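Show me how the following folds:
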Amino acid sequence: MTRTHDQSALDELLTTADVAGRLGVPPRTLEQWRYLGRGPAYIKVGNKSVRYRQSDIDAFLDAHRIDPAVLVGGAPRATT
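Residues are numbered from 1 along each chain as shown. As a prediction, this is how the structure comes out:
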């Protein structure tokens with residue numbers, strides 16, 4: 001897939017602190033999720049720097065979206 005300039009502009013790279021603020025979780029939570037293989041996809045830059053694409057954060061949020069109107073048997077179901 002070829003990325004256009006417009007797609008790249010919308011897909012800015014975010015730091016762990018940026019994403020933590022947007023998700024309302026401590027940065028340490030994102031570090032734990034990375035260690036456990038959970039959480040949003042990320043990019044490892046060099047040996048220590050981690051960055052997240054906005055589109056990956058959006059996909060993570062979409063995958064964890066729960067619509068109360070789609071409750072089955074009292075248990076929430078994620079919708080996609």
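
pLDDT of stretch 63-80, averaged?
Average pLDDT, stretch 63-80: 74.

Following the chain past the lowest-mean-pLDDT helix or strand in the chain, name the next helix or strand.
Among the helical and strand segments of the chain, the one scoring lowest on mean pLDDT, DSSP states H and E is helix 5-10, with a mean of 57. If you walk from helix 5-10 toward the C-terminus, the next helix or strand you reach (DSSP states H and E) is strand 13-14.

quick one, helices of the chain?
With DSSP state H, the ranges of helices along the chain come out as 5-10, 16-23, 27-36, 54-63.

will you turn those helices into TSV that also has distance to residue 46 and mean neighbour count?
C-beta here means a position set from N, CA and C on the backbone, and glycine is covered the same way. Shown next, in TSV, are the helices of the chain (distance: least, CB to CB, whole Å; neighbours: other CB atoms under 10 Å):
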stretch	distance to residue 46	mean neighbour count
helix 5-10	21	9
helix 16-23	14	16
helix 27-36	15	14
helix 54-63	19	14
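
of all those, which lies closest to residue 45?
helix 16-23 (11.7 Å; CB to CB).

got the angle for that closest one vs helix 54-63?
If you take axes from the mean of the first three to the mean of the last three CA atoms, to 10 degrees, helix 16-23 sits at 40 degrees to helix 54-63.

Please list the outside residues in contact with the strand of greatest length in the chain.
Looking across the chain with DSSP state E, the single longest strand is strand 49-53. Residues from elsewhere that reach strand 49-53, judged by CB atoms under 8 Å, 6 or more residues apart in numbering: 11-16, 18-19, 34, 40-45.

most surrounded residue in the residues you listed?
When neighbours are counted by other CB atoms under 10 Å, residue 19 leads those with 23 neighbours.

so how far is residue 32 from that residue?
Taking CB to CB, to the nearest Å as the measure, residue 19 falls 13 Å from residue 32.

Same check on residue 50?
Separation of residue 50 from residue 32 (CB to CB): 13 Å.

Next: residue 40.
In this view, residue 40 and residue 32 are 13 Å apart by CB to CB.

residue contacts, the residue most central in space within the chain?
Nearest to the centroid of the C-alpha atoms of the chain, with distances taken as CA atoms, centre = their mean, sits residue 57, at 2.7 Å. Contact analysis of residue 57 by CB under 8 Å, 6+ apart lists 14, 19, 22, 23, 40.

This completes my enquiry, with thanks.
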